[in-house]
Structure formats: C-alpha cells, structure tokens
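show me how the following folds:
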Amino acid sequence: MNKTILICRFSILFYLFGIHYASAKQIFTKNQIVATIPEEKDSHNSMDLIWGITQYTCNQHEIFISVHKENLNREFSDAQHIACIYRKIGEEYELLKKIHTMGYFEEPNCFWIERKQLIQITEIQYGTGHIRTEHIFRPLCSGDIQKVEFIPAPLFYKKHLNEAEGIWKGEINKFSKDGLFFTFYIWKEGDPNCCPSAGKVTGTYKIEKTKGDSLKISAKEFKREPYDHYQ
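Numbers count the residues shown, from 1 in each chain. Sure thing, here's the model as predicted:
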C-alpha cells in the first residue's frame, strides 16, 4: 500500500472523527438558554428560568449557570428542576454539564477558596430528611470544568456514633471564601423524627489533590456538643 493511499485513509478518518466530535457538542445562544423551555423537550410541562449566573475563570473565559423549574402551576410540588453549566465560545454557549432532579436546587454558589474557584450546586430532596447531594465543579483556565469529588461529613462520622445513635437527616453545608463548614445532628433510639437529642456536630472540610490535578473535599475536623431539641 503506497503512502498516498495511507495518507488519504488517515485524512478521511480524522475528518469523520472531527464531524462526530463537533456533532456531539451542544451549542446554544444566550436567548435560548434563558428562555422558557418548551413542553416535551425535557419534561411534559414548560420550564421557567429561576437563576442565571455569570462567572469568569482565571483566564477570563465566561461560564454561565442556569437553573430551570418545571411549571406545574402550584406552589408545592415535585416539579422537575434542571441545572446547566455552559462556557461561552464566541457569541454562543457550549453545554458542559446538565443535572436533573425531581427534588430542587438551591441557588448556585460560586466562590474562591485557597486560590481555587469552585461552583457548588446543591440538590435537595423533598421531605423531612432534607437529604442533599452536592455537585461541585472547578472551572479551569481553559474554560472547561472539572468535577470535584465530595464526601459528606456524616459518612466520616458514622464510626464515632454510640450504640442506638443515628444521623437521620442531611447535613447543612456552608461554603464560601471563609471556609467549608458543616453542621448535622444525632438522634438516639426513641427520638421523634423532628427532634434529635443525642448531639450536634460541627466542623470543617478540607480540599485535597488526588490523581493529577483532580480535587477531593472531605471532612477535616469534628466537634460534638450536647444538643436537645426541647431545651
């Protein structure tokens, strides 16, 4: 097989790969992003924008975060929510991440800490448990984003629980430039669901590098103190 044929074959392969890669990208205008999402696209009802936040990376790439809520025309519901992260390319925006939930999202939190820029998107499940999932991303200087591994503080603390004690509800996380703080409560057997009596735990998270330049957030220190809901 001569060199000319080989070069032609490789050129065709690279061309086809380029078409596939380009077609895999999802590109939108700003007006499309902030508009009401029509019925049947991501849900059986229209979805209204509730938050739109612009951030800039260390190299001044523009990142845009949107949160849409399904319009069910009633105040309390299990409406679907969608959170998206985009990066601006020219006059358009490329979708980097989309998260769906049948719970709801708190307002996205963007902050710098230890010279690292982070985006916190907190997903809350409906119900008394206030169970949360933290979606944390690190905007990179390239304009891309990196998923940050997050380990909730209660998972670390379970080994310190006494017999007949439990952590029945989600923790409360407060993240800002001042630190990564958490609070959660401990129930003992016989406590009503509303009212923990075995203790309150506060503390901080730490940020660590893992493989390559990836990051992990996990509990650094705990402080347990007496707590009784009735007192």
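
name the element Lys200 belongs to?
Assigned by DSSP states H and E, Lys200 belongs to strand 199-209.

direction included, what does that strand pair up with?
According to DSSP bridges, strand 199-209 forms sheet pairs with strand 179-188 (antiparallel), strand 215-225 (antiparallel).

switch those strands over to a markdown table; also include mean neighbour count and distance to Leu161.
For the C-beta atoms, the positions are set from N, CA and C on the backbone; glycine is no exception. A markdown table is the format used below for the strands paired with strand 199-209 (neighbours: other CB atoms under 10 Å; distance: least, CB to CB, whole Å):
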| stretch | mean neighbour count | distance to Leu161 |
| --- | --- | --- |
| strand 179-188 | 19 | 7 |
| strand 215-225 | 15 | 10 |
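
can you redo those as a markdown table with distance to Ile113 and mean pLDDT?
As requested, the strands paired with strand 199-209 are exported to a markdown table (distance: least, CB to CB, whole Å; pLDDT from 0 to 100):
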| stretch | distance to Ile113 | mean pLDDT |
| --- | --- | --- |
| strand 179-188 | 7 | 97 |
| strand 215-225 | 10 | 96 |
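
Serialize those to a markdown table and add fields for distance to Tyr205.
Below are these laid out as a markdown table (distance: least, CB to CB, whole Å):
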| stretch | distance to Tyr205 |
| --- | --- |
| strand 179-188 | 4 |
| strand 215-225 | 5 |
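
okay, domains of this structure per the record?
26-150, 153-231 (automatic domain parsing).

straight-line length of the longest one, end to end?
Which is domain 26-150. 27 Å (CA to CA, to the nearest Å).

what about that domain, distance to the chain center?
How far domain 26-150 lies from its chain's middle: 8 Å, per CA atoms, centre = their mean, to the nearest Å.

returning to that earlier point: Ile33 is nearest to which of the strands paired with strand 199-209?
strand 215-225 (27.0 Å; CB to CB).

tell me how far the residue lying closest to Ser218 once chain neighbours are set aside lies from His100.
Excluding the flanking residues, the one nearest Ser218 by CB to CB, 6 or more residues apart in numbering is Ile151, at 4.3 Å. According to CB to CB, to the nearest Å, Ile151 stands 23 Å off from His100.

test of understanding: give the bridge partners of Gln120.
Applying DSSP bridges, one finds that Gln120 bridges with Asn109, Ile136.

hmm, back to that, mind checking the pLDDT average for the strand holding Lys200?
Across strand 199-209, pLDDT averages out at 97.

output that strand as PDB - backbone C-alpha positions only.
The C-alpha coordinates for strand 199-209 follow below in PDB (Å, rounded to 0.1, in the frame of the first residue of the first chain):
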ATOM      1  CA  GLY A 199     -25.900  15.800  70.000                       C
ATOM      2  CA  LYS A 200     -24.900  18.400  67.400                       C
ATOM      3  CA  VAL A 201     -21.700  18.100  65.300                       C
ATOM      4  CA  THR A 202     -20.000  21.000  63.600                       C
ATOM      5  CA  GLY A 203     -16.700  21.100  61.700                       C
ATOM      6  CA  THR A 204     -14.900  21.900  58.500                       C
ATOM      7  CA  TYR A 205     -14.000  20.200  55.300                       C
ATOM      8  CA  LYS A 206     -10.600  20.100  53.600                       C
ATOM      9  CA  ILE A 207      -9.600  20.300  49.900                       C
ATOM     10  CA  GLU A 208      -7.000  17.800  48.700                       C
ATOM     11  CA  LYS A 209      -5.400  17.000  45.400                       C
END
